[in-house]
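Novice: Quick one, structure for this:
(one chain, ligands or ions: 2)
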Amino acid sequence: MFRKISSRIQLAISILILVLVSCKSPIEEDQNSLAKRPNILFIMADDHAYQAISTYSDKLLKTPNIDRIAEEGMLFTNACVSNSICAPSRATILTGKHTHINGKIDNRMPFDTTQVTFPQLFQNAGYETAMYGKLHFGNNPKGVDDFMILPGQGNYINPKFITPNGDTIITGYVTDIITDLTIDWLDKKRNKEKPFMMMYLHKAPHRPWWPSPEKFKEFTKKTFPEPASLFDDYSNRGTAAKTAEMNLLLHMKYGHDSKIRPSTIKEMGGVKPYVPPMNWRGIDGFTGPYGRANEQQKALYDPVIDSINTWFKTNWPGMNDKQKMKWKYQRYMQDYLACISSVDDNVGRVLDYLDESGLAENTIVIYTSDQGFYLGEHGWFDKRFIYDESFKTPLMIRWPNEITAGTTNDEMVQNLDFAQTFLEAAGIKSPEDMQGESLIPLLKGDTAQWHRDAVYYHYYEYPAVHMVKRHYGIVTKEYKLVHFYYDVDEWELYDRKKDPKEMTNVYRDPAYSSIAEKLQKDLKELRIKYKDSPELDRKYIDIYNKKR
Ligand code: SGN
Ligand code: CA
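Specialist: Ligands and ions are numbered 1, 2, ... in the order given. Below you'll find the model as predicted:
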């Protein structure tokens, strides 16, 4: 009997010991669940048009590596920005707020660094965080354990970086360098005990589109198809489209953009057409970027630049405006797409690294751009307008085991939604005042949870480079209603289904009067929902004009 009891006690003790041994302390528990949280690799290019990603359209270029993210994840076909310009887009991504709330309405306004940004929340939650590449504003990004960022717009050749330990210039081509630094951080610099949130931010393919010497040589041999609206005369549109300064023939610069040497222009006694843009200070835009190259690099660029210049000198004077437009378009595409081809190669290197290191499985990879871009549509380059090519932005997300590979989503998602999406993926609570929606239900294929049927847009930077007038608008899958204001008071309405290229403003068409009325009401409500107002429009005009 006694023996029986003692053996029972012994059994109980051993079970207890077993339980105690297998039980982890709360701290260990925390570290374990932290380790299981997904890593985030946020890849963003600057001015990368969706028209130049082959998963969207392969008319211009093959981007097999960027495409891989979509093939192994989800492709968004209707992703857009809330203000199509660089620094405001980045501020919206960081804060999860529209630009009229976070205050970074244009490239000039300072960014209020006392605001909460999503990297800070990741850092507080125990993530290892870093930002490499182009931020565009601020020297000391908050919430990142490590950073190497370009000052302002940065440079393509031998770029300077701001780092926690001071400035440094690195020899080479910017896209390759940002990637080397990123892989090095992932591989050696980060604390591997923690999950990571890494922002890998390309400068390319931002103007002035300087390719690497190899891509420059390769792409100057190519010819690209022209968009249908290359010779748009802006009839059936409002004043804003007619007065914008982003026409390839009229506003693209010979030296800065087309790589014509100042000496060539001098020898030719000037070139036509030449329309100095509103803020053009007469800076020679060729010598600046080219002058950064060392002798060895110049020796690689020179034969290509020489052949462009020789051709130009011989042929330009005899060409008519139509031929000149076509030539400028081809030169533009050669350099712009060559820059993207380097981005694609480098994204491939990072994806390979994730595979080789075993990180791919638990890492969410996002590819996007700070906005879209015109690739000759409406005869334009640059962005800013609410019209589709600059309003929409590429977006694809890969998350193994969570997103079904090769899926497509056509909901109207925005850069405004990124912060809340990443936070939810990491199990971190979003602040109540963020204005987006988490995309997690969409990523998991649960479209029933998604109720947005319209997005809000507001662009401010005017008068400024490219002279795109201030405007705000509402966009649904069917329509786009826009109000241009400040020095005009004009409304535009586009039927997105019947007129996807946005060639005809139907605002005054009686057939659309009830649609226009309904959208005006919805736009008013949307402005209230997002806390925008005529008073804020006024306030930002006053601040802007005081600064000029
Ligand atoms: C520079 C470019 C513009 C461009 C703005 C903003 N001109 O001013 O073409 O629109 O940046 O770009 S350049 O002569 O410097 O190339 S953004 O992406 O930073 O918003
Ligand atoms: Ca940009």
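
Novice: what number of residues lie near the residue in the stretch 201-350 of the chain that ligand 2 sits nearest to?
Specialist: In the stretch 201-350 of the chain, the residue that lies nearest ligand 2 is His206 (5.9 Å; Cβ to the ion). No exception for glycine: its C-beta is placed from N, CA and C like everyone else's. Using other Cβ atoms under 10 Å, His206 is surrounded by 23 other residues.

Novice: Spatially nearest residue to it, not counting backbone neighbours?
Specialist: Asp46 (4.2 Å; Cβ to Cβ, 6 or more residues apart in numbering).

Novice: Helix or strand: which one has Thr168?
Specialist: If you go by DSSP states H and E, Thr168 is part of strand 166-169.

Novice: can you check Ile364 too?
Specialist: Counting by DSSP H and E, Ile364 is found in strand 363-369.

Novice: Any part of that strand near ligand 2?
Specialist: No - interface with ligand 2: strand 363-369 contributes nothing (Cβ under 5 Å from the ion), its closest point being 7.2 Å away.

Novice: Quick one: distance of the helix or strand following that strand to the chain centre.
Specialist: For strand 363-369, the succeeding helix or strand toward the C-terminus, using DSSP H and E, is helix 388-391. Chain-centre distance of helix 388-391: 12 Å, with Cα atoms, centre = their mean, to the nearest Å.

Novice: So what touches helix 388-391?
Specialist: With Cβ atoms under 8 Å, 6 or more residues apart in numbering as the contact definition, helix 388-391 has outside contacts at 49, 51, 80-81, 84, 371-375, 377-378, 382-385, 457, 475, 496, 500, 502.

Novice: cool, stretch 254-270 as well?
Specialist: 207-209, 252, 271, 274, 284-287, 305, 308-309, 312-313, 316-317, 328, 331-332, 335, 381.

Novice: go on, stretch 48-60?
Specialist: By Cβ under 8 Å, 6+ apart, stretch 48-60 touches 61-64, 66-67, 70-71, 75, 77, 202, 205, 224-225, 333, 336-337, 340, 343, 369, 372-375, 377, 389, 392-394, 396.

Novice: Contacts only, for Leu395.
Specialist: Leu75, Phe76, Ala79, Ile366, Tyr367, Thr368, Val413 are the contacts of Leu395 under Cβ under 8 Å, 6+ apart.

Novice: wait, the third one sits on Ile397?
Specialist: No - with contacts counted by Cβ atoms under 8 Å, Ala79 stays clear of Ile397, the gap being 10.0 Å.

Novice: residues near the closest residue to ligand 2 within the stretch 1-150 of the chain, how many?
Specialist: Going by Cβ to the ion, ligand 2 is nearest to Cys86 of the stretch 1-150 of the chain, at 3.5 Å. Using other Cβ under 10 Å, Cys86 has 22 other residues around it.

Novice: Also the one 4 residues further on?
Specialist: Around Arg90 there are 24 other residues, counting by other Cβ under 10 Å.

Novice: Close to ligand 2: what parts of the protein are there?
Specialist: Asp46, Asp47, Cys86, Asp370.

Novice: now with 6 Å?
Specialist: By Cβ under 6 Å from the ion, the residues of the chain that approach ligand 2 are Asp46, Asp47, Cys86, His206, Asp370, Gln371.

Novice: Now flag whichever of the residues you listed is closest to ligand 1.
Specialist: Cys86 (2.9 Å; Cβ to the nearest ligand atom).

Novice: what residue ranges in the protein score low on pLDDT?
Specialist: Applying pLDDT under 70 to the chain flags residues 1-33, 35, 275-283.

Novice: make it 90
Specialist: Applying pLDDT under 90 to the chain flags the ranges 1-36, 137-140, 270, 272-285, 449, 547-548.

Novice: For the lengthiest helix in the chain, buried residues please.
Specialist: In the chain, with assignment by DSSP state H, the single longest helix is helix 321-357. If you call a residue buried by 16 or more other Cβ atoms under 10 Å, then helix 321-357 has these buried ones: 324-348, 350-351, 353-354.

Novice: And the helices in the stretch 401-548 of the chain, which stretches?
Specialist: Using DSSP state H, counting those that start in this stretch, the helices found in the stretch 401-548 of the chain span residues 418-425, 440-443, 513-529, 534-547.

Novice: which residues are contacting the last one?
Specialist: What it means is helix 534-547. His100, Ile105, Asp106, Arg108, Met109, Tyr460, Arg470, Tyr472, Tyr485, Tyr486.

Novice: I figured the first one hits Asp532, correct?
Specialist: Yes - contact status for His100 versus Asp532: in contact at 4.9 Å, counting by Cβ under 8 Å.

Novice: biggest separation within the residues of the chain next to ligand 2, which pair?
Specialist: Taking Cβ to Cβ as the measure, the residues of the chain next to ligand 2 span a maximum distance of 10.9 Å, between His206 and Gln371.
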